[in-house]
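J.: I would like the atomic coordinates for the input below:
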Amino acid sequence: MKMLWAFTLLIYACLTLPIPISATNISVTELLKDPNTIVSTNGTYKLGFFSPPNTKNRYLGIWYNNVSPTYYVWVANRNNPLKDSSGLLMISEKLILQVVNGNKHVLWSPNIPPPKSNHSNVTNTTIDFLVNGNLIYRSTNNGKILWQSFEDPTDSLLPNMQVAMSSNNLQRLYAWKTPYDPSIGRPYSRLRGYSIHKNDSGYSVTLVYTGAINLTCSHYVFNYNGSLSEVYWDPGSKSWVTIYQDPIDECDFYRKSGEFGICNSQSSPICRCLKGFVPQNPGEWNRGNWSSGCVRRTPLQCGKGSTQDGFLLMDTVKLPDLEEWLSVLNQNDCRNQCLENCSCTAYAYDVGAGCMYWSKHLIDIQEFSSGGINLYLRLASSELRK
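T.: Just a heads-up that it's a prediction; the model follows:
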């Protein structure tokens, strides 16, 4: 395993124990029924059903105990609220963890296959609520973790929580839609810092927060307005205090320059079209509204006739969103496989990270004065000669 680069933000835990300890478990035959709650053994976190301000909708979530105003750090049925207080957290007869309403309609269930069982060895499952705020669903036969809230985040990162991306899995943080609605809002910004690892099964990108214990209940949250904040609880003033906030410039906002546009906060204007592309809506573009993005000026040849497409090197950039992965041996193989795929619009290769490529619109590219990664943009050969 090789680390390409690392990015660690210090986050100060509100925990008094560095190692998670099982606080509570619920057997297959038991339910967590609204308005009952479960508190972690260290008294820090609470699990239960709640209603955000200005609404009667009910959600299963996790929040800090004995802190006001309440800060919710995880929400289960964020896109399917309960309309009354009939909510149940339960494990079904098929051993599926789920949130249901009074009519037993399923409003939320983790996207995992049910555990295997047979007549001679029926799999028993249980839920553990740990002192670090992690809700774990596991098998009692072998202790295997089937699902955990730390690997299924909503808008917040707690200490030792991670956001991972691999060749077959992608995790993201999504902000609340509004301060009163925890449903998924539109993306505003992407984190720039992460570690890339290569292993036998593919590639993975992991962002992990670590820390100490000198600030109370500190955590990171993606706010509904698109900013990433580190906040902590000040017992003296009995209020939440923001000690860090990002984005730090306009280019950090998601899709600032639209499709096939690139943003540089040191330039004026900050957005321009990639080489070989022109504004899709010149009028809006000239008025400083770049959201409509850019369109290709010359169609790709894709091997037609005697001409071939080529690649333009763009260095020191934040790579576009929606990357895909290829298992290849070197950069030349990465280039050739992109060139043979008519839908491939760009690729990037690093010895530690491997081969990434894009088969859709290039979105959310940012240009830096230093750092970043090399991106190879596919263009018609005639555009490369201009």
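
J.: Past the longest helix along the chain, which element shows up next along the chain?
T.: Longest helix of the chain, by residue count under DSSP state H: helix 331-340. Going down the chain from helix 331-340, the next helix or strand is strand 346-350, by DSSP states H and E.

J.: I figured Val99 hits Leu88, correct?
T.: Yes - using C-beta atoms under 8 Å, Val99 makes contact with Leu88 at a distance of 7.0 Å. Where you see a C-beta, it was placed from the backbone N, CA and C, and this is true even at glycine.

J.: These two: which has the busier surroundings?
T.: Shown here are Val99 and Leu88; by other C-beta atoms under 10 Å, Val99 has more neighbours (23 against 19).

J.: what's around Thr298, how many residues?
T.: Count around Thr298 with other C-beta under 10 Å applied: 15.

J.: and it, what does it touch?
T.: Gly276, Leu379, Ala380, Ser382, Glu383 (C-beta atoms under 8 Å, 6 or more residues apart in numbering).

J.: And the spatially most central residue of the chain, how close does it get to Gln245?
T.: Nearest to the mean C-alpha position of the chain, counting by C-alpha atoms, centre = their mean, stands Arg172 at 1.2 Å. To Gln245, Arg172 is 20 Å away according to C-beta to C-beta, to the nearest Å.

J.: Break the chain down into its domains, please.
T.: 22-248, 260-384 (automatic domain parsing).

J.: how close does the closest residue to Val73 other than its chain neighbours sit to Asp321?
T.: Leaving aside its sequence neighbours, Val73 sits nearest to Ser156 (C-beta to C-beta, 6 or more residues apart in numbering; 4.3 Å). Look at Ser156 and Asp321: by C-beta to C-beta, they are 21 Å apart.

J.: Chain neighbours aside, what residue packs nearest to Leu326?
T.: Using C-beta to C-beta, 6+ apart, the nearest residue to Leu326 is Cys355, at 4.2 Å.

J.: any idea of the angle the helix or strand where the one you found lies forms with helix 331-340?
T.: Cys355 belongs to strand 354-358 when assigned by DSSP H and E. Angle of strand 354-358 versus helix 331-340, following axes from the mean of the first three to the mean of the last three C-alpha atoms, to 10 degrees, is 20 degrees.

J.: who's in contact with strand 354-358?
T.: Taking C-beta under 8 Å, 6+ apart as the rule, strand 354-358 contacts 198, 203, 319-320, 322-328, 331, 333-334, 337-338, 341, 344-349.

J.: Quick check: PyMOL command selecting the buried ones in these.
T.: Here the buried members of the contacts of strand 354-358 are turned into a PyMOL selection, burial being counted by 16 or more other C-beta atoms under 10 Å:
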select buried, resi 198+203+319+320+323+325+326+328+331+334+337+338+344+345+346+347+348+349
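
J.: Val106: what's it in contact with?
T.: Here Val106 is in contact with Gln98, Val99, Val100 (criterion: C-beta under 8 Å, 6+ apart).

J.: So, low pLDDT: which residues of the chain?
T.: The chain contains residues with pLDDT under 70 at 1-31, 117-123, 162-171, 186-214, 247-248, 304-307, 352.

J.: At which residues are the helices of it located?
T.: Going by DSSP H, the chain shows helices at 282-286, 331-340, 381-384.

J.: ok, the residue nearest to Asn65 when sequence neighbours are not counted to Tyr232 distance?
T.: Nearest residue to Asn65, sequence neighbours excluded (C-beta to C-beta, 6+ apart): Lys46, at 4.2 Å. Using C-beta to C-beta, Lys46 is found at 18 Å from Tyr232.

J.: Thanks again, I'm all set now.
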